[in-house]
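Engineer: When you get a sec, could you give me coordinates for this:
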Amino acid sequence: MKTFFHYLAVLVLTIVTVGCEDVVDVDLNDENPRLVIDAAIKWQKGTAGETQSIRLSMTNNYYTNDVVPASGAVVQITNSTNTVFAFAEIGTTGEYVCTDFVPVINESYTLNVLYNGQTYAATNTLYATPEILYVEQETVTDVDGSDKIQLKWYFQDNGAEDNFYLLTVKNPNKVIPEYGTLSDEFFQGNPMFGFYSSGETESGTTILLQVQGISEQYYNYMNKLIAIATTNAGNPFATPPVTLRSNIINQTNPANYPLGYFSLGETDLRNYLVQ
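Structural biologist: Predicted structure coming up:
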């Protein structure tokens, strides 16, 4: 079985300047800030899923890593029977939380965000996710002679429908999670697996492995996002070739589109202790 698993990585650039004679300041034209809507609703198997959160922020200057919260918004999700789930902001953090959400497989939900007089909306379905059945571990020797630990986590695909998956790995030895996408196009109804390989994993480390059912549109979006993130890797002056548009529409001013995505999915995870 051959599984295609792409990793999403963030390039961290550290520039050490020794004995510089001149400091060159490059003036960049800043675009108007855009709203960023991180609305990933995840229902972990075995839980009620009633507590969900959505984060709102604004894009910021190229030279800063500061996150600017988008505070004071009205955030709601409505299901197909017009039940409204309100998300209340925690202080002025830009994090909006709902404690009475009702997740239902194959239910349709609509997100509405009112911020600074503009309304943003998106509709999506909550997708089912198969259970992680077991995890396999193998240690292999890399070309440079170092050892790498490889993990595979298996799950059973539903042969009655086309399925798309988002795979997540959280390694405590790395700052950010790593993501991959998987389709059952060539594995319809067969066992499938996520694959992870790392030379930064030692025995005794607990790795979080996760699978989530997602829509085909979100699958395509994440594929493009991963491709953009890995374009020109290693080039500190590279910029994303395009701005990736999501399923969230600014209904007040379509030209002022937001960044981010509205997705819903059941998830299954396994905290695996590396042997």
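
Engineer: which intervals of the stretch 151-275 of the chain have sub-threshold pLDDT?
Structural biologist: Applying pLDDT under 70 to the stretch 151-275 of the chain flags residues 230-242.

Engineer: pretty sure residue 79 contacts residue 103?
Structural biologist: No. With contact defined as Cβ atoms under 8 Å, residue 79 does not reach residue 103; the gap is 9.6 Å. The C-beta positions use only the backbone N, C-alpha and C, and glycine is treated the same way.

Engineer: between these two, who's got more neighbours?
Structural biologist: residue 103 (20 against 17; other Cβ atoms under 10 Å).

Engineer: quick one: secondary structure of the more buried one?
Structural biologist: With DSSP: H, G, I helix; E, B strand; the rest coil as the basis, residue 103 sits in coil.

Engineer: need the contact list for it.
Structural biologist: By Cβ atoms under 8 Å, 6 or more residues apart in numbering, residue 103 lies in contact with 41, 43, 49, 126, 264, 266.

Engineer: go on, residue 174?
Structural biologist: residue 200.

Engineer: how near is it to residue 207?
Structural biologist: Per Cβ to Cβ, to the nearest Å, residue 174 is found 10 Å from residue 207.

Engineer: Where does the prediction get shaky in the stretch 1-150 of the chain?
Structural biologist: 1-31, 62-64.

Engineer: make it 50
Structural biologist: Scanning the stretch 1-150 of the chain with the threshold set as pLDDT under 50 gives 1-20.

Engineer: ranges for the strands of it?
Structural biologist: 35-44, 52-58, 68-69, 74-79, 84-89, 95-98, 108-115, 118-127, 132-141, 147-156 (DSSP state E, counting those that start in this stretch).

Engineer: Give me the distance from the fifth one to the chain's centre.
Structural biologist: Using Cα atoms, centre = their mean, to the nearest Å, we find the averaged C-alpha position of strand 84-89 to lie 21 Å away from the chain's own average C-alpha position.

Engineer: Which strands or helices does it pack on?
Structural biologist: Packed against strand 84-89, as judged by 3 or more Cβ pairs under 8 Å, 6 or more residues apart in numbering; DSSP states H and E, are the following elements: strand 52-58, strand 74-79, strand 95-98.

Engineer: Please repeat the previous calculation with a cut-off of 6 Å.
Structural biologist: When contacts are defined as 3 or more Cβ pairs under 6 Å, 6 or more residues apart in numbering; DSSP states H and E, strand 84-89 packs onto strand 74-79, strand 95-98.

Engineer: repeat for the first one
Structural biologist: Using 3+ Cβ pairs under 6 Å, 6+ apart as the contact criterion, the elements in contact with strand 35-44 are strand 52-58, strand 259-273.

Engineer: Just the buried positions in it, please.
Structural biologist: 35, 36, 37, 39, 40, 41, 42, 43 (16 or more other Cβ atoms under 10 Å).

Engineer: cool, the fifth one as well?
Structural biologist: Residues 85, 87, 89 are the ones in strand 84-89 that count as buried (16+ other Cβ under 10 Å).

Engineer: Adding distance to residue 271, write those residues out as JSON lines.
Structural biologist: Formatted as JSON lines, the buried residues of strand 84-89 follow (distance: Cβ to Cβ, whole Å):
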{"residue": "85", "distance to residue 271": "29"}
{"residue": "87", "distance to residue 271": "28"}
{"residue": "89", "distance to residue 271": "31"}
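
Engineer: Tell me the one of the residues you listed nearest residue 73?
Structural biologist: Nearest to residue 73 among the buried residues of strand 84-89: residue 89, at 7.2 Å, using Cβ to Cβ.
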